[in-house]
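could you work out the structure for the sequence below:
(one chain, ligands or ions: 2)
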Amino acid sequence: MSANISQLDHLNPEQRAAVTAIDGPVLVLAGAGSGKTRVITHKIGWLLDECQVPPERVAAVTFTNKAAREMKERVGKLIPAERAKRLVVCTFHTLGLRILREEYRALGLKRGFSIFDAEDSRNLIRELLKGDNRDAQDVIDVVQWRISGWKSARVGAEAAVLVAENNQELMAARIYAQYERHLLAYNAVDFDDLIVKPVQLFDEDAEARERWQNRFRYLLVDEYQDTNGAQYELLRQLAGVRAAFTVVGDDDQSIYAWRGAQPENLANLQRDYPGLKVVKLEQNFRSTSRILRVANALIANNPHLFDKRLWSRKGEGDSIRIVPCKEGFGEAEQVVARILQHKMEQGGSWSDYAILYRGNHQAKPFEKMLRERNIPYHISGGQSFFDRAEVKDVIAYLRLLANPDDDAAFLRIINVPRREVGATTLEKLGGYARERNIGLYSACLEFGLHHVLPARTATRLEEFAVWMGKLGEEAEHSDEPVAIARRLVEEVGYMDWLEETARDPKAFERRRDNIEELFSWMGNIAKRADNDIGLTGILNHMSLMDMLDRSGDDPGDTVALMTLHAAKGLEFDHVYLVGMEEELLPHRNNLEGEGLEEERRLFYVGITRAQQTLTLTYARKRRRYGEDLDCTPSRFLEELPEDDLHWSGRTPEDPEKKKETGRARVAGLRSLLAPET
Ligand SMILES: Nc1ncnc2c1ncn2[C@@H]1O[C@H](COP(=O)(O)OP(=O)(O)OP(=O)(O)O)[C@@H](O)[C@H]1O
Ligand SMILES: [Mg+2]
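Ligands and ions are numbered 1, 2, ... in the order given. Okay, the predicted model is just below:
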């Protein structure tokens with residue numbers, strides 16, 4: 001079969017071994033750019049073509065929805081698109097949601113359950129903490145992080161009380177228990193639940209577990225190093241005794257410890273699956289030798305679970321450029337000027353260039369400069385479209401339509417547009433609902449409310465709820481969710497309200513356009529879905545478009561701006577890694593121990609995105625908190641082999657030249673890691 005032969009033709013022998021091993025568990029453990037993701041796409045092709053596995057029986061888990069889309073496209077080139085469409089290629093969260101959609105009843109959920117995003121969870125935690133008079137931002141942050149950490153480690157609310165190590169954790173554990181009760185009452189789940197609930201179900205219900213084990217004959221996981229405890233458990237449960245799976249990962253690229261990712265899961269695999277076949281890939285197909293040498297030298301400063309050494313046949317390549325800049329805007333100016341010049345000299349496309357940074361707040365000056373020079377660009381992540389107030393309002397209305405128990409949605413929209421429902425009314429309504437153990441929306445429909453609220457207010461709430469109820473019923477039976485959404489916005493007078501409250505006509509127009517865009521998003525999602533997914537399906541889909549890939553579809557020929565986290569798995573000809581300063585990279589919260597190691601891995605991820613050239617920039621001064629603060633170049637720069645670097649504007653006797661000791665150490669390492677080309 002020529003198709004198969006050509007599939008294997010574009011793989012090296014190690015990749016081929018990983019692709020054709022289908023009888024037992026396989027771990028591909030390899031450095032950046034060594035073709036791990038390619039192993040997954042080609043293996044899918046192999047399973048479908050050579051092994052005759054029906055596409056819907058193959059599940060491939062990727063890290064972002066964007067990666068999932070790309071993978072489907074790539075597989076579509078290897079097998080007929082019609083078959084590729086039936087594959088299950090998605091993130092862990094979407095896979096969890098798929099399971100929940102069929103099994104929600106067993107978990108105490110009702111139809112149309114809502115998915116709380118991070119902000120919804122935060123608001124709920126804030127409310128719960130108010131009772132304790134402890135609703136300061138940082139307390140909320142800690143509690144949210146703690147709860148999420150417990151969930152990903154599969155520690156329930158009751159167990160959390162037992163494992164809590166100090167008063168603060170004990171408080172968080174108490175809030176955790178209330179938080180869970182509230183979610184259940186709202187008929188809602190949070191992001192962590194999308195994984196934890198299926199795991200809980202499979203733990204308790206062997207029949208359900210077997211059903212899902214039979215559903216998927218083969219599982220593949222990309223970026224495996226970033227799975228957390230609960231995700232690993234889900235994989236184990238789904239794989240069952242057949243253990244037909246392939247996971248690929250790189251411990252040096254583990255960058256989500258703060259979200260509960262456990263690179264130990266790599267080692268755990270070996271423990272849990274003694275028959276595990278481990279494949280190592282050492283040839284890098286992405287970058288020049290210099291880029292790899294620099295990456296290898298950097299990461300050698302971290303302790304390693306497994307040793308890897310990357311080499312490439314892409315030639316030496318240019319030196320790594322280091323560009324010191326006077327201050328932040330100067331940095332942006334330099335980077336944009338260099339991109340412009342480089343593109344003029346070399347031709348090529350805007351999409352060959354990427355500007356990467358540690359945090360979203362760093363994007364501003366680059367955006368400004370790119371706009372000034374008329375260079376097309378797009379930003380992944382950051383303040384996303386779906387986080388805009390007007391978009392959130394309309395989505396909250398739709399959520400309430402689909403799930404009348406969603407109190408968070410109710411609270412968001414009850415006064416938008418103004419319905420003169422004040423804090424006192426809401427408190428009384430809340431008290432009434434709590435006593436009867438019903439949601440706020442349902443409480444509005446109860447006659448008893450007339451005894452606790454002034455007649456006018458009670459009637460207004462009742463009318464609102466009756467209207468929502470009718471529309472909700474229509475929505476349930478409608479196959480045109482977008483039309484329902486349009487009607488809702490119209491009948492509620494939302495646009496008029498926007499116009500009244502907007503700062504100026506321009507602001508109003510922008511918001512109106514955003515709502516139009518939301519409608520077209522909804523239309524696209526419905527169109528792209530395999531079957532009629534209805535309003536609930538669309539809402540679910542939207543809530544899973546996470547921070548990393550909410551920017552939407554194909555950005556076209558544009559310069560990419562994104563965080564190092566969002567850049568994982570991607571590649572660009574020319575990478576500009578900016579803000580190489582202490583407190584930015586490494587981040588000021590991560591200057592020691594394991595935190596510092598994670599920052600180093602993040603830098604490693606950044607370096608290894610580059611195919612041909614890599615430019616590192618830093619500013620000597622930066623404006624922060626309204627003041628010009630002095631900055632120190634990142635300590636990581638000292639860990640790079642001096643001979644592979646080219647410092648812009650540096651003369652030999654430059655006082656900034658790095659200390660001899662640091663260089664000697666790095667030179668020693670370099671000779672150890674010399675590429676085998
Ligand atoms: N055998 C091969 N021959 C030629 N090119 C290859 C081969 N394998 C992979 N590539 C190419 O090398 C680049 C890196 O591959 P891929 O993205 O699969 O690496 P990866 O290991 O997943 O990287 P990362 O760790 O960054 O996710 C891609 O452009 C890919 O198409
Ligand atoms: Mg990859």
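
and the longest strand along the chain, which residues are buried?
Longest strand of the chain, by residue count under DSSP state E: strand 610-624. For strand 610-624, a neighbour-count test (16 or more other C-beta atoms under 10 Å) marks A610, Q611, Q612, T613, L614, T615, L616, T617, Y618, A619, R620, R622 as buried. All C-beta spots, glycine's among them, are computed from the backbone N, C-alpha and C.

and what of stretch 424-438?
T425, K428, L429, Y432, A433, I438.

what's near enough to touch the first one?
Looking back up the chat, that one is T425. With contact taken as C-beta atoms under 8 Å, 6 or more residues apart in numbering, T425 is in contact with L453, T457, L461.

going by distance to ligand 2, which of those wins?
For the contacts of T425, the minimum distance to ligand 2 (C-beta to the ion) is 52.2 Å, reached by L461.

from memory that closest one sits against L426, does it?
No: L461 is beyond contact range of L426, at 10.1 Å (criterion: C-beta atoms under 8 Å).

what are the boundaries of the helices in the stretch 1-150 of the chain?
Assigned by DSSP state H, counting those that start in this stretch, the helices in the stretch 1-150 of the chain fall at 2-9, 13-20, 36-49, 65-78, 81-84, 92-103, 118-130, 137-152.

counting by contacts, list what the fifth one packs against.
I take that to be helix 81-84. If you count contacts as 3 or more C-beta pairs under 8 Å, 6 or more residues apart in numbering; DSSP states H and E, helix 81-84 packs onto helix 65-78.

and what of the longest one?
For helix 137-152, the helices and strands in contact under the criterion 3+ C-beta pairs under 8 Å, 6+ apart are helix 118-130, helix 157-163, helix 167-185, helix 193-204, helix 229-239.

how far off centre is it?
Relative to its chain's centre, helix 137-152 lies at 18 Å (C-alpha atoms, centre = their mean, to the nearest Å).

please save the CA atoms from it in PDB.
Presented in PDB, the C-alpha positions along helix 137-152 are these (Å, rounded to 0.1, in the frame of the first residue of the first chain):
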ATOM      1  CA  GLN A 137      -7.600  39.700  46.100                       C
ATOM      2  CA  ASP A 138      -4.600  37.800  47.300                       C
ATOM      3  CA  VAL A 139      -6.700  35.600  49.600                       C
ATOM      4  CA  ILE A 140      -9.000  34.800  46.700                       C
ATOM      5  CA  ASP A 141      -6.100  33.900  44.500                       C
ATOM      6  CA  VAL A 142      -4.600  31.600  47.000                       C
ATOM      7  CA  VAL A 143      -7.900  29.800  47.700                       C
ATOM      8  CA  GLN A 144      -8.600  29.400  44.000                       C
ATOM      9  CA  TRP A 145      -5.200  28.100  43.400                       C
ATOM     10  CA  ARG A 146      -5.400  25.700  46.400                       C
ATOM     11  CA  ILE A 147      -8.800  24.300  45.400                       C
ATOM     12  CA  SER A 148      -7.700  23.800  41.800                       C
ATOM     13  CA  GLY A 149      -4.500  22.100  43.100                       C
ATOM     14  CA  TRP A 150      -6.500  19.700  45.300                       C
ATOM     15  CA  LYS A 151      -8.800  18.900  42.500                       C
ATOM     16  CA  SER A 152      -6.000  18.100  40.000                       C
END
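
which residues are contacting that helix?
Applying C-beta under 8 Å, 6+ apart, the set of residues contacting helix 137-152 is 118, 121-122, 125-126, 129, 156-157, 159-160, 168-169, 171-173, 175-176, 179, 190, 192-193, 195-196, 228-231, 259-260.

just to revisit the earlier point, please state the mean pLDDT value computed over the longest strand of the chain.
What strand 610-624 shows for mean pLDDT is 94.

next SSE downstream of that strand?
Per DSSP states H and E, the first helix or strand lying C-terminal to strand 610-624 is strand 627-630.

got the contact list for K428?
Each residue near K428 by C-beta under 8 Å, 6+ apart is listed here: V452, L453.

quick check: angle from the helix or strand hosting it to helix 118-130?
Using DSSP H and E, K428 sits in helix 423-436. Counting by axes from the mean of the first three to the mean of the last three C-alpha atoms, to 10 degrees, helix 423-436 lies at 90 degrees to helix 118-130.

can you give me the angle helix 423-436 makes with helix 167-185?
If you take the same axes, to 10 degrees, helix 423-436 sits at 80 degrees to helix 167-185.

now helix 423-436, how far from the centre of its chain.
Using C-alpha atoms, centre = their mean, the offset of helix 423-436 from its chain centre is 36 Å.

quick check: residues of this structure near ligand 2?
K36, T37, G569 (C-beta under 5 Å from the ion).

and those residues, which is closest to ligand 2?
T37 (3.3 Å).

quick one: contacts for the closest one?
Neighbouring residues of T37 by C-beta under 8 Å, 6+ apart: M71, D222, V248, G569.

and those, which of them are in helices?
M71 (DSSP state H).

which two of the contacts of T37 have the greatest separation?
The two members of the contacts of T37 with the most space between them (C-beta to C-beta) are M71 and V248, at 12.1 Å.

of the two, who's got more company?
Each of M71 and V248 has its neighbours counted (other C-beta atoms under 10 Å); V248 has more, 26 against 23.

give me the next element, helix or strand, following the helix holding K428.
Downstream of helix 423-436 (by DSSP H and E), the next one is helix 440-444.

which other helices and strands does that next one contact?
Counting contacts by 3+ C-beta pairs under 8 Å, 6+ apart, helix 440-444 is packed against helix 407-413, helix 423-436, helix 455-477.

can I get these in a markdown table with distance to ligand 1?
Shown next, in a markdown table, are those (distance: least, C-beta to the nearest ligand atom, whole Å):
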| stretch | distance to ligand 1 |
| --- | --- |
| helix 407-413 | 36 |
| helix 423-436 | 48 |
| helix 455-477 | 41 |
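
so which of these gets nearest S634?
Nearest to S634, of all the helices and strands packed on helix 440-444, is helix 407-413, at 40.7 Å by C-beta to C-beta.
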